[in-house]
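Asker: Sequence isn't available, so here's the structure alone:
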């Protein structure tokens, strides 16, 4: 007897796969935007410090995203490890631009909270903090003024991570409740449909009296009404 996959599990897996595919496209858009920005600055007479290194990072991310899309690879942990390492290194290259490094830090924190789970989340967050520390203290030194800038940034970004964590947990509970509701509804509908199928098969295959046929048809109708009510409740919930 062949077993069928749980439709709820299949839907959730497909949703996550689509989410990861969309993120790969977001990476490609980000890389394209970064390259266009650097070219525009060059034409306008400006110059981006360490432009060659930054361009290499962007191209590596673009290549990885393209490879994942073409090969259908969906590995959030390896994707995060690569992105955090490369963009963490970029933070050290642009340490003289605190606003950009802080914005990069916040963006990487959002990526970790969205795509990492369990202890991996804390490990990746600590990894980001190390890269930001290398960028910040490598440029500003370990003076009291440097610490007075570093600590508020870390507290603010930590608060952002905590809020995003709570939102992710709430969305997870919402998805679990939805899945549980769909499982209950599927079970109830299956019971009603099984009953209707059995009764109609009896009507067509057995030598029944008119009274028995009417009774079976009435029972099947009752099952159909119950199924319709379940669907109506689901649509109006």
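Answerer: Okay, I see it. Keep in mind the model is a prediction, meaning the values are calculated, not measured. Numbers count the residues shown, from 1 in each chain.
Asker: Report back the residue of the protein that's furthest from centre.
Answerer: Centroid-distance maximum for the chain: residue 209 at 59.1 Å, with CA atoms, centre = their mean.
Asker: and that residue, what are its phi and psi?
Answerer: The phi/psi pair for residue 209 (degrees, to the nearest 10) reads phi -80, psi 170.
Asker: Tell me the confidence at it?
Answerer: For residue 209, the model assigns a pLDDT of 74.
Asker: List the contacts of it.
Answerer: Neighbour list for residue 209: empty [criterion: CB atoms under 8 Å, 6 or more residues apart in numbering]. Glycine gets a C-beta too; all of them are placed from N, C-alpha and C.
Asker: gap between it and residue 218?
Answerer: 14 Å (CB to CB, to the nearest Å).
Asker: and if you look at residue 66?
Answerer: 62 Å.
Asker: One more: residue 123?
Answerer: On the measure of CB to CB, residue 123 and residue 218 end up 63 Å apart.
Asker: which of those two has more neighbours?
Answerer: residue 123 (14 against 11; other CB atoms under 10 Å).
Asker: any idea which element that one lies in?
Answerer: helix 119-140 (DSSP states H and E).
Asker: could you point out where this protein is predicted with low confidence?
Answerer: By pLDDT under 70, the weakly predicted segments of the chain are 1-21, 41-42, 45-49, 75, 205-206, 237.
Asker: let's go with 90 and repeat that
Answerer: For the chain, applying pLDDT under 90 flags the ranges 1-122, 124-125, 128-237.
Asker: In it, which helix is the longest?
Answerer: Secondary structure of the chain per DSSP state H: the longest helix is helix 144-205.
Asker: Which neighbouring elements make contact with it?
Answerer: In terms of contacts (3 or more CB pairs under 8 Å, 6 or more residues apart in numbering; DSSP states H and E), helix 144-205 is packed against helix 7-43, helix 98-115, helix 119-140, helix 210-236.
Asker: so which of those gets nearest residue 171?
Answerer: When the helices and strands packed on helix 144-205 are compared by CB to CB, helix 98-115 sits nearest residue 171, at 10.2 Å.
Asker: how far is stretch 106-115 from where the chain is centred?
Answerer: Here stretch 106-115 is found 11 Å from its chain centre; the criterion is CA atoms, centre = their mean, to the nearest Å.
Asker: Buried residues of it, list them for me.
Answerer: Neighbour counts over stretch 106-115 (16 or more other CB atoms under 10 Å) mark 108-109, 111-115 as buried.
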